[in-house]
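Novice: What shape does this take:
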Amino acid sequence: MRITTLILAVTAGFGLPACCQDGAMFRGNLQHSAVYEGAGAPTLTKVKWSFHAGGKLIGSPAVIDGTAYVGSTNGNFYAVDIGSGQEKWKFEVKSRVTSSAAVSEGTVYFGAYDGNFYAIEATTGKLKWKFQTGGERRFSAKHLHGVQPAGEAMPDPFDCYLSSPAVWNGSVYFGSGDGNVYALDTASGAVKWKFHTGDVVHASPAIADRTVFIGSWDSYFYALDAANGQEKWRFKTGDDPDYHNQVGIQSSAAVANGTVFFGCRDSHLYALDEKTGEKRWALSTEGSWIVASPAVRNGKVYVTTSDSSLLMVVDAKSGAVESKMDFNHWYVFSSPAVAGGILYVGSTQGKVVAIDLASFKVAWTFET
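Specialist: Okay, here's the model as predicted:
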């Protein structure tokens, strides 16, 4: 779901500090479980405020200390007061910002389409440092999706967002269109290490047990030592050498109970052993991409699909599908999030849907 306005909906029994205390990075925590503390928003009352950003908001806002931080395709990055919806500051990137930010110890980190990775003071919006990668680009291939002429390489229009950073132990980690996974020093922006994959890296790193877990458009999923960038293992997903449609990892991983879960454009949800990379199970979606990142809680994996527009509840141990909800053929690229007993997800229909997990019924819907 892509919108140009940041919206805060007022809800009954909804406490902002409780809901947002884990919201300082993409998927809420380093393991990317997408489970947030607090009661969430069990009911919808009204819109408290909206903030117009002047461009699409493809990345998710990071929320901490009363401020929402979000970038826009209009070339600006914003800090917005969550009480009033008023702009606190904006930083002119002059390039599309489609990654979700991470906020740690007073610094906001994000990447942009100009190939730079930025560190901004959270309170003032002033630049602390920026790092130039080898350059951004979208995944591209010849005969992509069967488009003619077959001999001409074209960028993939569905490669729509950049890697969102994770901050851990004095380092900030992210992937790049230059094919590298980077670890930079949070204070200076100096490179601690970089690891080169075979193609664009726009998935976001999850970190658990001193290991960085991340997928690449080269069809491999990697486990890297967080301290030095050494490869621990890699796992090969499906390939599609003719049309390049059923290939590539856009989904970011979630790590829980020794298992790494991620989706792939080869139309599978994978569960791998965290230590060895051995496949525990793979769930086929029968042709539909999994671009969004899964949420994991209490032995359940919550994942959405693109073409078949489903929300699925999957048993984390067996990979068996327990429940499905159909979004009526509106593609779902939005990653689900869980707070309290409610799951939240957006679709390309322009709606945010809240689902009561106990009954697996829609609690409320908000149309942007």
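
Novice: Can you list the buried residues in stretch 202-212?
Specialist: Residues of stretch 202-212 classed as buried: 202-208, 211-212 (neighbour count, 16 or more other C-beta atoms under 10 Å). Using the backbone N, CA and C atoms, a C-beta is placed for each residue, glycine as well.

Novice: Save these as a markdown table, and put in distance to Ala79, pLDDT and secondary structure too.
Specialist: Listed next are the buried residues of stretch 202-212 as a markdown table, based on distance: C-beta to C-beta, whole Å; pLDDT from 0 to 100; DSSP: H, G, I helix; E, B strand; the rest coil:
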| residue | distance to Ala79 | pLDDT | secondary structure |
| --- | --- | --- | --- |
| His202 | 24 | 98 | coil |
| Ala203 | 26 | 97 | coil |
| Ser204 | 21 | 97 | coil |
| Pro205 | 24 | 98 | coil |
| Ala206 | 26 | 97 | strand |
| Ile207 | 25 | 97 | strand |
| Ala208 | 29 | 97 | strand |
| Thr211 | 32 | 98 | strand |
| Val212 | 28 | 98 | strand |
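
Novice: what about the strands in the stretch 1-150 of the chain?
Specialist: For the stretch 1-150 of the chain, the strands defined by DSSP state E, counting those that start in this stretch cover 3-10, 35-36, 46-57, 62-64, 67-71, 76-81, 87-92, 102-104, 107-111, 116-121, 127-132, 140-142.

Novice: closest to Ser334 out of those?
Specialist: With C-beta to C-beta as the criterion, Ser334 lies closest to strand 3-10 of those, at 10.7 Å.

Novice: follow-up on the earlier one: for the strands of the stretch 1-150 of the chain, which one ends up most surrounded?
Specialist: Comparing the strands of the stretch 1-150 of the chain by mean neighbour count (mean count of other C-beta atoms under 10 Å), strand 107-111 comes out on top with a mean of 27.

Novice: Pull the distance from that one to the chain's centre.
Specialist: Strand 107-111 has its C-alpha centroid displaced from the chain centroid by 15 Å (C-alpha atoms, centre = their mean, to the nearest Å).

Novice: Just the C-alpha atoms of it, please, in PDB.
Specialist: Taking C-alpha atoms only, strand 107-111 is exported to PDB below (Å, rounded to 0.1, in the frame of the first residue of the first chain):
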ATOM      1  CA  THR A 107      20.300   9.100  15.400                       C
ATOM      2  CA  VAL A 108      18.000   8.300  12.500                       C
ATOM      3  CA  TYR A 109      19.400   6.000   9.800                       C
ATOM      4  CA  PHE A 110      18.000   5.400   6.300                       C
ATOM      5  CA  GLY A 111      19.000   4.900   2.700                       C
END
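
Novice: tilt between that strand and strand 127-132?
Specialist: Orientation check (axes from the mean of the first three to the mean of the last three C-alpha atoms, to 10 degrees): strand 107-111 against strand 127-132 gives 30 degrees.

Novice: Near the closest residue in space to Gly54 that isn't next to it in sequence, how many other residues are there?
Specialist: Nearest residue to Gly54 in three dimensions, chain neighbours excluded: Asn74, at 4.2 Å (C-beta to C-beta, 6 or more residues apart in numbering). Asn74 has 18 neighbours, counted by other C-beta atoms under 10 Å.

Novice: Asp326 too?
Specialist: Counted with other C-beta under 10 Å, Asp326 comes out at 10.

Novice: And for it, nearest residue in space, chain neighbours not counted?
Specialist: Leu310 (5.9 Å).

Novice: my read: the one you found touches Thr304, true?
Specialist: Yes: between Leu310 and Thr304 there is a contact at 6.8 Å, judged by C-beta atoms under 8 Å.

Novice: ok, those two, which is more surrounded?
Specialist: Neighbours around Leu310 and Thr304, counted as other C-beta under 10 Å, are more numerous at Thr304. The numbers are 29 against 19.

Novice: nearest to Tyr118, of the buried residues of stretch 202-212?
Specialist: For the buried residues of stretch 202-212, the minimum distance to Tyr118 (C-beta to C-beta) is 15.9 Å, reached by Ser204.

Novice: from what I can see that closest one touches Ala166, true?
Specialist: Yes: here Ser204 reaches Ala166: they are 6.9 Å apart, a contact under C-beta under 8 Å.

Novice: shared neighbours, these two?
Specialist: Shared between the contact lists of Ser204 and Ala166 (criterion: C-beta atoms under 8 Å, 6 or more residues apart in numbering) are residues 26, 174.

Novice: Need the residues touching each of Leu310 and Thr304.
Specialist: With C-beta under 8 Å, 6+ apart, Leu310 and Thr304 have common neighbours Val332.

Novice: Against Tyr173, how distant is Val167?
Specialist: 8 Å (C-beta to C-beta, to the nearest Å).

Novice: need the contact list for the residue nearest to Asp326.
Specialist: 285, 288, 304, 324-327, 332.

Novice: Can you tell me which of those are classed as buried?
Specialist: Using 16+ other C-beta under 10 Å, the buried ones in the contacts of Leu310 are 285, 288, 304, 325, 327, 332.

Novice: per-residue pLDDT, the nearest residue to the last one once chain neighbours are set aside?
Specialist: Using C-beta to C-beta, 6+ apart and skipping residues adjacent in sequence, the residue nearest Val332 is Thr304, 3.9 Å away. At Thr304, the pLDDT value in this model is 95.
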